[in-house]
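>>> fold the stuff below for me.
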Amino acid sequence: MTLELILFIIFALICAVTSVLMITRSNPIISALFLILNFAALAGIYLLLHAQFIAVAQVIVYAGAIMVLFLFVIMLLRPEKEKLLAIAPRLKISAFVLAFIVLVQLVYMIFVSGSSGSVKANAEMSIKAGTIETIGTELFSKYILPVEAVGFLLLAAAIGALVLAKKKFE
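Okay, the predicted model is just below:
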């Protein structure tokens, strides 16, 4: 077994365990912390796939910004004061049946179906496509006009938000 396979198994187990723990916890703050751990393990899987940019974006955008938003909403709503809703037994049964169907499909895809042979031919190109250098070169050579347009739109939105906020305070 190679180091990549061992790391993949570790990251996959962390992802699977933390996703189950995230769903089964009754405290939403603890669930959010398990979601952050899940995002970090997913970033590790992206690194094993040589997609450095997606791994960094996963940590910065999801584990950083989105989780701050989730925690802010959780704190704002105060879920401990809400009454727990009783789930109908039919809904629980249908959820278990649907989960079992998805599990059977995953087991079939992993163990029964064969892998495609064209993966090895494009492996070098896909590894090169996920690097930060390649993404930066593409963004600032082929797609410079859309990048600049998005930059100006974000600048206009920030100036508009400042103007609207200044009028409220005066």
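
>>> could you chop the chain up by domain?
1-84, 131-170 (automatic domain parsing).

>>> buried deepest among those, which one?
domain 1-84 (a mean of 14; mean count of other CB atoms under 10 Å). Placement of C-beta: from N, CA and C, glycine included.

>>> keeping just the C-alphas, turn stretch 25-42 into PDB.
What follows is stretch 25-42, C-alpha atoms only, in PDB (Å, rounded to 0.1, in the frame of the first residue of the first chain):
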ATOM      1  CA  ARG A  25     -25.700  15.500  17.100                       C
ATOM      2  CA  SER A  26     -28.500  17.400  18.700                       C
ATOM      3  CA  ASN A  27     -26.400  20.400  19.500                       C
ATOM      4  CA  PRO A  28     -26.000  22.500  16.300                       C
ATOM      5  CA  ILE A  29     -22.700  24.100  17.400                       C
ATOM      6  CA  ILE A  30     -21.100  20.600  17.700                       C
ATOM      7  CA  SER A  31     -22.600  19.700  14.400                       C
ATOM      8  CA  ALA A  32     -21.000  22.800  12.800                       C
ATOM      9  CA  LEU A  33     -17.600  21.800  14.300                       C
ATOM     10  CA  PHE A  34     -17.900  18.300  12.800                       C
ATOM     11  CA  LEU A  35     -18.700  20.000   9.500                       C
ATOM     12  CA  ILE A  36     -15.500  22.000   9.700                       C
ATOM     13  CA  LEU A  37     -13.600  18.800  10.300                       C
ATOM     14  CA  ASN A  38     -15.300  17.200   7.300                       C
ATOM     15  CA  PHE A  39     -14.300  20.200   5.100                       C
ATOM     16  CA  ALA A  40     -10.700  19.800   6.300                       C
ATOM     17  CA  ALA A  41     -10.600  16.100   5.400                       C
ATOM     18  CA  LEU A  42     -12.200  16.900   2.000                       C
END
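
>>> and the domains of the chain: which comes nearest Phe111?
domain 1-84 (15.3 Å; CB to CB).
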